[in-house]
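Engineer: From the sequence below, what's the structure:
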Amino acid sequence: MVRYSSLSAVELIGLCAESNDGAAWEEFVARFHRPISLSVIRVAHQWGENPQQAVDDLVQDTYLKLCANKCLQLLEFSANHPDAILGYIKTIAVNVAHDYFKSLHSQKRGSGEVGQIAEGADPKAAAHEPGGQEAMERAVLFKQVDECIECCLDGPDRDRDRTIFWLYFKQGMTAKDIAALPTIGLSAKGVESVIVRVTRLLRERMVDMQIGSGSRPGEKGLLPAESY
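Structural biologist: Alright, predicted model coming up:
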């Protein structure tokens with residue numbers, strides 16, 4: 001008999017994705033419901049909203065997003081970053097909540113009400129629909145950037161710095177969330193320094209290689225002219 005509480009997060013996610021095992025999903029909810037709920041509540045407060053009015057629906061929306069396509073994105077992420085699963089799930093919850101409150105405030109502005117996000121709110125990671133033109137262009141850019149990373153980084157921290165870069169730019173995790181991962185071993189400021197340094201190295205490398213048929217690196221938003 002399977003003891004679900006003893007499974008690793010990767011094993012549990014795989015079991016949830018591959019079957020309709022109710023007990024496995026109950027364990028998934030038991031592990032992640034609190035951090036998902038707290039993430040949604042935190043975003044609601046940042047937007048100046050009463051979290052109880054929407055938190056239950058947003059938590060359910062987070063579960064739906066995580067379970068889409070048989071948990072495909074969650075499976076892929078957990079396979080590549082097993083120590084970062086909690087941070088990834090919290091990031092999904094934050095993005096779902098930001099999407100909702102952004103839409104809500106847009107509607108209020110349209111009706112004459114003014115809404116303003118609270119100072120210090122974490123920026124939402126950009127969303128890109130799969131299969132669209134922009135998504136395909138970004139996929140090509142990601143591949144080019146990853147090849148540049150292989151050339152730019154060296155030393156004992158190479159893999160760590162590469163992971164930090166992709167967790168930030170591709171997965172939308174904040175520096176604070178990345179720093180909280182047990183394998184990173186840096187403060188949030190240390191993570192920010194890595195992102196700035198790697199971004200600068202990549203920009204210099206991409207300019208030298210003239211990636212993108214003469215287009216300026218950063219046109220698609222991956223390598224902004226000013227990262228911070």
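
Engineer: Break this protein into its domains for me.
Structural biologist: 4-110, 133-209 (automatic domain parsing).

Engineer: Flag whichever of these has the least confidence on average.
Structural biologist: Lowest mean pLDDT within these: domain 133-209, at a mean of 80.

Engineer: Phi and psi next, for Trp47.
Structural biologist: Main-chain torsions, Trp47, degrees, to the nearest 10: phi -90, psi 0.

Engineer: before we move on, the earlier item: let me have the domains of the chain in JSON lines, extended by mean neighbour count.
Structural biologist: From N, CA and C alone the C-beta is placed, and that goes for glycine too. Putting these into JSON lines (neighbours: other Cβ atoms under 10 Å) gives the following:
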{"stretch": "domain 4-110", "mean neighbour count": "17"}
{"stretch": "domain 133-209", "mean neighbour count": "16"}
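
Engineer: Give me the next element, helix or strand, following the helix or strand harbouring Ala68.
Structural biologist: For Ala68, the element it lies in under DSSP states H and E is helix 55-80. Going down the chain from helix 55-80, the next helix or strand is helix 85-110, by DSSP H and E.

Engineer: counting contacts, what elements does that following helix pack onto?
Structural biologist: helix 9-18, helix 22-46, helix 55-80, helix 175-179 (3 or more Cβ pairs under 8 Å, 6 or more residues apart in numbering; DSSP states H and E).

Engineer: Make a markdown table from these and add distance to Tyr88 to it.
Structural biologist: Shown next, in a markdown table, are the helices and strands packed on helix 85-110 (distance: least, Cβ to Cβ, whole Å):
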| stretch | distance to Tyr88 |
| --- | --- |
| helix 9-18 | 10 |
| helix 22-46 | 11 |
| helix 55-80 | 5 |
| helix 175-179 | 9 |
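
Engineer: of the ones you listed, which approaches Asp159 most closely?
Structural biologist: Of all the helices and strands packed on helix 85-110, it is helix 55-80 that lies closest to Asp159, at 11.7 Å by Cβ to Cβ.

Engineer: tell me the angle of that closest one relative to helix 85-110?
Structural biologist: 140 degrees (axes from the mean of the first three to the mean of the last three Cα atoms, to 10 degrees).

Engineer: Off-centre distance for helix 55-80?
Structural biologist: 12 Å (Cα atoms, centre = their mean, to the nearest Å).

Engineer: orientation of it relative to helix 9-18 in degrees?
Structural biologist: 110 degrees.

Engineer: just checking, what packs against helix 55-80?
Structural biologist: Short answer (3+ Cβ pairs under 8 Å, 6+ apart): helix 55-80 packs on helix 9-18, helix 22-46, helix 85-110.

Engineer: Can you name every helix or strand that the first one contacts?
Structural biologist: Same thing as helix 9-18. helix 22-46, helix 55-80, helix 85-110.

Engineer: of the helices and strands packed on helix 85-110, which approaches Tyr168 most closely?
Structural biologist: Going by Cβ to Cβ, the one of the helices and strands packed on helix 85-110 nearest Tyr168 is helix 175-179, 6.5 Å.

Engineer: Residues contacting the closest one, please?
Structural biologist: 84, 87, 90-91, 164, 167-168, 184, 186-192, 195 (Cβ atoms under 8 Å, 6 or more residues apart in numbering).

Engineer: For Gln73, state which of those is nearest.
Structural biologist: For the contacts of helix 175-179, with Gln73 as the reference and Cβ to Cβ as the criterion, the closest is Thr91, at 11.5 Å.

Engineer: residue contacts, the residue lying closest to the closest one once chain neighbours are set aside?
Structural biologist: In space, Thr91 comes closest to Met173 once its chain neighbours are excluded; the distance is 5.0 Å by Cβ to Cβ, 6 or more residues apart in numbering. Neighbouring residues of Met173 by Cβ under 8 Å, 6+ apart: 84, 87-88, 91, 125, 167.
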